[in-house]
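Undergrad: what's the 3D shape of this:
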Amino acid sequence: MSTQHTAAEYQAELTVSGRTQEAEGVVSLTLRHPDGRELPAWQPGAHIDLLLDGSRTRQYSLCGDPEDRSRWQIAVLREPDGVGRGGSAHVHATLTEGERVQVRGPRNHFELRPARRYLFVAGGIGITPLLPMLAAAEAAGGEWTLLYGGRTRGSMAFLDRLTALDGGRGRITVAPQDETGLLDLDRALAAAGPDTLVYCCGPGPLLDAIEDRCRTRPPGTLRTERFTARPADPDAVSDAFELVLQESGLTLTVAPGASILQTVLDAGVQVLYSCTEGTCGTCETEIVEGEADHRDSVLSAEEQAANETMMICVSRCRGRRLMLDL
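TA: Numbering: from 1, shown residues only. The predicted structure is shown next:
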């Protein structure tokens, strides 16, 4: 008999109560409980899992109003054929108004921290987690600016909503690549003082570029969220190590070619997981003893250095022995 070690996350079948074409290739979905029940509370930066056709799980940021517990809103970019893992095509093709979908969450590794000043940078569909952040910063009286890029103006979702939020104050720069070229990160960062918190979400090259430019900024002032994993370090060493599962009372060996997650599952200990790429945060596990070799794209550098939790789908151990709360 397997041992179950899964967090008590909310899971339910919700109804698609609304579907809106927000831009070229982008639809937003409004999800409600079929019995009209309130949905779990969430904070800006949170995402949920959609459990699609019983086999695929995909993560999408919540982009509606956290105060409205009657519904959740997500937006989905349809990836071109041959790009991605097919989840967006399934959503676009099947999740029409009236359909039902299994959801799990919410979960948040991209929380909005209190600050006097913010710089938000979005690339394409990366605008989705930033929308409720902008509203929260506005409601709190914080100073903020947004730099928003996309392929074309027609592909950029929620421009009307952003215009209404800005209220004509000129805090939003919309920069379609076919009109203005690549985002001028240097100019935006130069205008942001050292006490400004920078939040960025978008494609990998944008995040790589902003991380490179923020290396000289005070630690902890840049937060990013990735939709795809960082490239693996070709020089990373993956030696075998001893893995102790404190709650289960098991001592296992993680082989060089095996992940902690797979080793734990093979031992009959069931844990929540989803992407297996270190991007969604579903498999986050508390570290009891030992030092993790963090290889995820979720935790910030400061969170990795704290060595309190790890993503067991991709991360390993620095040393011979690691004890986890499993």
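Undergrad: check contacts around the nearest residue to Pro256 once chain neighbours are set aside.
TA: Excluding its sequence neighbours, the residue lying closest to Pro256 (Cβ to Cβ, 6 or more residues apart in numbering) is Ser238, at 5.0 Å. For the C-beta atoms, the positions are set from N, CA and C on the backbone; glycine is no exception. The neighbours of Ser238, taking Cβ atoms under 8 Å, 6 or more residues apart in numbering as the test, are 256-257, 316.
Undergrad: in PyMOL, select just the buried ones from these.
TA: Of the contacts of Ser238, the buried ones go into a single PyMOL selection, burial set by 16 or more other Cβ atoms under 10 Å:
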select buried, resi 316
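Undergrad: now the element after the helix or strand hosting Leu162, going C-ward?
TA: When elements are assigned from DSSP states H and E, Leu162 belongs to helix 159-166. Next along the chain after helix 159-166, taking DSSP H and E as the criterion, comes strand 172-176.
Undergrad: C-alpha coordinates for that following strand, CSV please?
TA: Extracted in CSV, the C-alpha atoms of strand 172-176 (Å, rounded to 0.1, in the frame of the first residue of the first chain):
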residue,chain,number,x,y,z
ILE,A,172,2.1,52.4,-19.0
THR,A,173,4.4,52.0,-22.0
VAL,A,174,3.0,49.6,-24.7
ALA,A,175,5.8,48.5,-27.0
PRO,A,176,4.9,46.1,-29.8
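Undergrad: packing partners for it?
TA: For strand 172-176, the packing partners by 3 or more Cβ pairs under 8 Å, 6 or more residues apart in numbering; DSSP states H and E come out as strand 143-150, helix 159-166.
Undergrad: make it 6 Å
TA: Contacts defined by 3 or more Cβ pairs under 6 Å, 6 or more residues apart in numbering; DSSP states H and E place strand 172-176 against strand 143-150.
Undergrad: hmm, who's touching the strand it packs on?
TA: 117-124, 137, 156, 171-176, 183, 188 (Cβ atoms under 6 Å, 6 or more residues apart in numbering).
Undergrad: averaged pLDDT, it. What do you get?
TA: Averaging pLDDT along strand 143-150 yields 98.
Undergrad: equivalent analysis for stretch 254-265, please.
TA: 94.
Undergrad: what about it, start to end distance?
TA: Stretch 254-265 has its terminal residues 12 Å apart, counting by Cα to Cα, to the nearest Å.
Undergrad: ok, stretch 57-71 next?
TA: Note: stretch 57-71 ends 20 Å apart using Cα to Cα.
Undergrad: report the buried residues of it.
TA: In terms of neighbour count (16+ other Cβ under 10 Å), stretch 57-71 has its buried residues at 57-64, 66, 71.
Undergrad: pull out the buried residues from stretch 214-222.
TA: Buried, per 16+ other Cβ under 10 Å, within stretch 214-222: 214, 221-222.
Undergrad: and what of stretch 260-277?
TA: So, applying 16+ other Cβ under 10 Å, buried residues of stretch 260-277: 260-264, 267, 269, 271-277.
Undergrad: can you lay out these as TSV showing secondary structure and distance to Ala192?
TA: Formatted as TSV, those follow (DSSP: H, G, I helix; E, B strand; the rest coil; distance: Cβ to Cβ, whole Å):
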residue	secondary structure	distance to Ala192
Ile260	helix	38
Leu261	helix	38
Gln262	helix	42
Thr263	helix	43
Val264	helix	42
Ala267	coil	48
Val269	strand	45
Val271	coil	39
Leu272	coil	37
Tyr273	coil	36
Ser274	coil	34
Cys275	coil	31
Thr276	coil	35
Glu277	coil	31
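Undergrad: name the nearest of these relative to Gln246.
TA: Val269 (11.5 Å; Cβ to Cβ).
Undergrad: ok, now how distant is that closest one from Arg223?
TA: 32 Å (Cβ to Cβ, to the nearest Å).
Undergrad: which stretches of the stretch 51-200 of the chain form strands?
TA: Ranges of strands in the stretch 51-200 of the chain, per DSSP state E, counting those that start in this stretch, are 56-61, 72-77, 100-107, 117-123, 143-150, 172-176, 197-202.
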